[in-house]
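Chemist: I would like to see how this sequence folds:
(one chain, ligands or ions: 1)
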Amino acid sequence: MSKIYIEGGVPLKGRIRVKGAKNSCLPIMAASLLVPGEITLCEIPDLEDVRTMTSLLRLLGVKVRHDRRNEKVELDSRHLITCTAPYGPVRRMRASFLVAGPLLTRMGRARISHPGGCAIGVRPIDLHLKGLVAMGAEFTMGDGFIDIVAPRLTGAHIYLDYPSVGATENILMAAVLASGTTRIDNAAAEPEVVDLANFLSSLGARIEGAGSSLITVEGVSSLKGGLAKPYTVIPDRIEAGTFMAAAAMTGGDLIIENVIPGHLTAVSAKLTEAGAEVETADSRTIRVRPRGRPRAVEIKTLPYPGFPTDLQPQFMALLTLAQGTSVIRETVFEKRFTQVEELARMGARIRIEGRSAIITGRQFLQGAAVRAADLRGGASLVLAGLAARGITEIRGLHHIRRGYSRLVGRLRSVGARIFISP
Ligand code: EPZ
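Modeler: Numbering: from 1, shown residues only. Model prediction:
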């Protein structure tokens, strides 16, 4: 299995460009099932999760061409051949469940292998099902599959007990062609939800309130594929935040291009509080320069616009080097501390109390052999290796490849001594 080797202690300097958002690509690719026509998507990075979604859509009968070099994906969902999403792709990627709403709309049925949990939590789908049932669907569970049927979806007023991103997206995709009006109350407001809504609107959907807690959808009779111009997904705010933390940890000076600063307000605020200089150079660029050793801060992960849970592990790595004691409270996922033991192997001093991590900062981390258990935990270990003294060897590269495209090469381009060994 490939490993990442890092010789730490090198300040990252230069310009690095953020790629398209993984968590926009996946729902938008799933939404192509709604359109019996050709769709072109731009800024789609070559990620393992994009490859998994591509293979799932092909199993369903979608023609998919991913021009990896130009980060463009062409999809044609005219001839679907099955409504079953099998165990393989669903087990590899829980976001496969995002085909439920579109399949139900298009074929009146969605038979999906149960996505199960993952390293960071149980990951229930009760809110997805609650919304679809409210719109007239019925489901049964058996032989490892969830079998959802709905001859016709009708608009409904749905209250989400938690502003679930995936549930909001599945219900939104089911609502755009349902008969009547759907209101999603306590909806997720993440930028990726807005991106999905903008994509659907570009095809003729009638959606209001995306980005707020109340989304209203007027069902239409059809969506227009083929005629619509190519759709470009938003930049990945989580990748941008990862690079921001890397600059702060290595004492570097990074100019991070192709960002939307408004999507990073909480992240920039926290980094500034920790003592880094965060400058919005222009509407699509952020410059990060630390001023000495980071200062301890308190972080609480929350639904957007709160501090994103997907940057909690990366900021934990930063805070292991801070002056003073920091506290991170992870309110979104119940097990998202997989990186703690591995960071401790590098000398970090972290104590877990329930859903809180108490981090006593140290002057230095020491390189070590560590293992990634999930995507963002793996990113956290890369950052720690970049800042540590000596050599860090990271196993579990496949986790990192799910959400970061060509990460090693891009970090090397700003000075990191990092490479992949066979
Ligand atoms: C999306 O996952 C993202 N994935 C996650 O990013 C991200 O961490 C998460 O939103 C939160 O922002 C994609 O967009 C593909 P949720 P999702 O439904 O939709 C509870 C990454 O690293 N919940 O908002 O699965 C759930 O238990 C990934 O890129 C229910 O209770 O997240 C959790 O506590 C990791 N019932 C909370 O909501 C449900 O039916 C947040 O989950 C659904 C969710």
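Chemist: For this structure, which residues are neighbours of the ligand?
Modeler: Applying Cβ under 6 Å from any ligand atom, one finds that the chain approaches the ligand through 22-23, 26, 95, 121, 123-128, 162, 164-167, 188, 192, 309-310, 332-333, 375-376, 403. Every C-beta, even on glycine, is put in place using the N, C-alpha and C of the backbone.
Chemist: Return the members of these classed as buried.
Modeler: Neighbour-count burial (16 or more other Cβ atoms under 10 Å) applied to the residues of the chain next to the ligand gives 22-23, 26, 95, 123, 125, 127-128, 164-167, 188, 192, 309-310, 332-333, 375-376, 403.
Chemist: Secondary structure element holding the nearest residue to residue 165 once chain neighbours are set aside?
Modeler: Sequence neighbours aside, residue 188 is the residue nearest to residue 165 in space, at 4.4 Å (criterion: Cβ to Cβ, 6 or more residues apart in numbering). For residue 188, there is no helix or strand it lies in under DSSP states H and E.
Chemist: gap between residue 188 and residue 410?
Modeler: Noted for residue 188: a distance of 29 Å to residue 410, by Cβ to Cβ, to the nearest Å.
Chemist: Repeat that for residue 88.
Modeler: 30 Å.
Chemist: Now do the same contact list for the residue of the stretch 201-350 of the chain found nearest the ligand.
Modeler: Nearest residue of the stretch 201-350 of the chain to the ligand, counting by Cβ to the nearest ligand atom: residue 310, 4.5 Å away. Going by Cβ atoms under 8 Å, 6 or more residues apart in numbering, residue 310 touches 238, 241, 376.
Chemist: so residue 317 makes contact with residue 385?
Modeler: No. Between residue 317 and residue 385 there is no contact under Cβ atoms under 8 Å: 9.2 Å.
Chemist: more crowded one of the two?
Modeler: Using other Cβ atoms under 10 Å as the criterion, residue 317 and residue 385 rank with residue 317 on top: 30 against 27.
Chemist: For the more buried one, give me its contacts.
Modeler: Residue 317 sits next to 245, 249, 339, 343, 348, 380, 381, 383, 384, 387 when contact means Cβ under 8 Å, 6+ apart.
Chemist: got JSON lines for those residues, with pLDDT too?
Modeler: Shown next, in JSON lines, are the contacts of residue 317 (pLDDT from 0 to 100):
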{"residue": "245", "pLDDT": "98"}
{"residue": "249", "pLDDT": "97"}
{"residue": "339", "pLDDT": "96"}
{"residue": "343", "pLDDT": "98"}
{"residue": "348", "pLDDT": "98"}
{"residue": "380", "pLDDT": "98"}
{"residue": "381", "pLDDT": "98"}
{"residue": "383", "pLDDT": "98"}
{"residue": "384", "pLDDT": "98"}
{"residue": "387", "pLDDT": "98"}
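Chemist: So which of these are in strands?
Modeler: Taking DSSP state E, every one of the contacts of residue 317 sits outside strands.
Chemist: among these, which are in helices?
Modeler: Within those, residues falling in helices by DSSP state H are 245, 249, 339, 343, 380, 381, 383, 384, 387.
Chemist: Could you say which helix or strand holds the residue of the chain at minimum distance from the ligand?
Modeler: Proximity to the ligand, evaluated over the chain using Cβ to the nearest ligand atom, is greatest for residue 166 at 2.8 Å. If you go by DSSP H and E, residue 166 is part of helix 165-175.
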